[in-house]
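*Asks:* have a look; sequence and predicted model below, questions after that.
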Amino acid sequence: MQTLRQLRRSRHLTFVDLALLTGIPARTIAEAEYGLRHLSRSEAETLALVLGLSTPTPRPSLSRHQAQSAVMPWALMTGLAAVLSVALLMNELLPDLQRNLYTPVIARAGDWLVTRPLPAPPPMTPTSTETISEIVTESSIVFPLSAEEALAPLIVPAPRLPHLERKHNVPFYLDENGPHGCPVQPTAGQVVMTQGYGVGSHTPVQVWGAIDLAVDGDGDGFAEPGSSWYTPVVATHPGKVKVTLNSHPAGNHVWVVAPDGTWRTGYSHLAVVMVIDGQHVQAGEVIGLMGDTGVTSGPHLDYQVWHGDTNIDPTPLVGCGLS
């Protein structure tokens with residue numbers, strides 16, 4: 001069974017693309033994909049429609065004549081029951097009713113029930129599933145699979161993985177120079193630096209020293225918001241987590257403090273925080289998803305490295321395939 005992530009990636013859609021096609025917030029889709037929430041049935045059905053999955057074909061409605069034929073026996077029996085109930089309260093009329101009404105009506109009802117079977121429904125002819133481009137441009141689609149089969153990969157979110165397979169050559173390790181490894185782990189595309197150390201909002205470095213990282217999805221060397229949104233952000237070294245939500249100017253921010261307290265790293269502007277305050281994490285463990293909370297001009301990760309009270313330039317430490 002394909003997961004929501006596999007379905008989205010197989011169609012080369014970003015979270016933002018899928019949000020525009022479905023009207024479901026990109027954050028909701030990302031949280032469902034990473035196992036942080038369950039989709040409602042209406043959300044799942046909408047995603048199934050856009051992703052080209054299959055749902056059941058509605059049974060064709062009966063014609064007026066067929067509907068009348070199907071209902072007639074039951075209506076007749078209901079009327080008969082009402083007549084019988086009234087007759088029980090009118091004992092003096094019972095002989096006449098038996099002679100003049102019951103026998104003909106019961107015989108007529110027997111004819112309906114025995115000699116007039118319910119009409120068979122028209123045969124159902126399944127139609128083929130449309131392509132993703134047809135789904136986007138047309139208002140309706142016919143699906144041959146059952147609802148359970150169609151919606152199962154959307155209702156059951158992808159399992160949350162505590163570690164991501166490393167995409168870059170720089171391993172995670174901590175030495176006297178600081179924590180090594182790339183904190184941004186995209187499932188597609190490459191990591192690019194959108195603002196360097198000691199530049200723009202990263203001054204003075206004694207306070208705001210950091211680098212900004214985002215994702216280039218089309219290989220042109222520039223970050224794209226659609227490729228950057230909800231990219232996994234990982235801890236670059238083991239340590240204890242300190243979480244601050246909705247802060248200024250960092251937005252949703254996570255500190256990871258090394259066991260000996262010497263080194264700490266900061267991760268700002270997260271759309272989703274996937275750890276809790278006081279939690280212990282390992283290098284490479286997902287701590288959040290990239291976003292634009294706080295003061296930003298777009299989705300990216302603001303990454304800081306501190307040695308005690310001294311701010312350190314992370315550029316030579318991260319790798320990330322940066323040139």
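*Replies:* Now that the structure is in, tell me what you want to look at.
*Asks:* ok, and the closest residue in space to residue 254 that isn't next to it in sequence, which helix or strand is that part of?
*Replies:* What sits nearest to residue 254 in space, not counting adjacent residues and going by Cβ to Cβ, 6 or more residues apart in numbering, is residue 267, at 4.6 Å. Any C-beta I mention is one placed from the backbone N, CA and C, and that applies to glycine too. Using DSSP states H and E, residue 267 maps to strand 263-268.
*Asks:* that strand packs against which elements?
*Replies:* Of the remaining helices and strands, those touching strand 263-268 by 3 or more Cβ pairs under 8 Å, 6 or more residues apart in numbering; DSSP states H and E are strand 178-180, strand 239-247, strand 251-257, strand 301-307.
*Asks:* that one pairs with which strands, and in what direction?
*Replies:* strand 251-257 (antiparallel), strand 301-307 (antiparallel) (DSSP bridges).
*Asks:* out of those, which comes closest to residue 200?
*Replies:* strand 301-307 (11.4 Å; Cβ to Cβ).
*Asks:* so which bits of that closest one are buried?
*Replies:* 301, 302, 303, 304, 305, 306 (16 or more other Cβ atoms under 10 Å).
*Asks:* and those residues as a markdown table, adding distance to residue 250 and pLDDT?
*Replies:* Listed next are these as a markdown table, based on distance: Cβ to Cβ, whole Å; pLDDT from 0 to 100:
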| residue | distance to residue 250 | pLDDT |
| --- | --- | --- |
| 301 | 11 | 96 |
| 302 | 7 | 96 |
| 303 | 11 | 97 |
| 304 | 9 | 96 |
| 305 | 15 | 97 |
| 306 | 14 | 96 |
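*Asks:* looking at those residues, spot the one nearest residue 52.
*Replies:* residue 301 (32.7 Å).
*Asks:* my guess is the closest one contacts residue 210. True?
*Replies:* No: the criterion here is Cβ atoms under 8 Å, and residue 301 misses it with residue 210 at 9.3 Å.
*Asks:* coming back round to it: which one of the helices and strands packed on strand 263-268 lies nearest to residue 290?
*Replies:* Nearest of the helices and strands packed on strand 263-268 (Cβ to Cβ): strand 301-307, 5.4 Å.
*Asks:* next SSE after the closest one?
*Replies:* strand 310-312.
*Asks:* strand partners of that next one, parallel vs antiparallel please.
*Replies:* Strand 310-312 is paired, per DSSP bridges, with strand 301-307 (antiparallel).
*Asks:* neighbouring contacts of the partner strand?
*Replies:* Residues outside strand 301-307 that contact it (Cβ atoms under 8 Å, 6 or more residues apart in numbering) are 178-179, 183-184, 209-214, 233, 250, 262-270, 290, 311-314, 317-318.
*Asks:* one more time with 6 Å, if that's ok
*Replies:* Residues from elsewhere that reach strand 301-307 (Cβ atoms under 6 Å, 6 or more residues apart in numbering): 178, 183-184, 210-213, 233, 263-266, 268-269, 290, 312, 314.
*Asks:* good, wrapping up.
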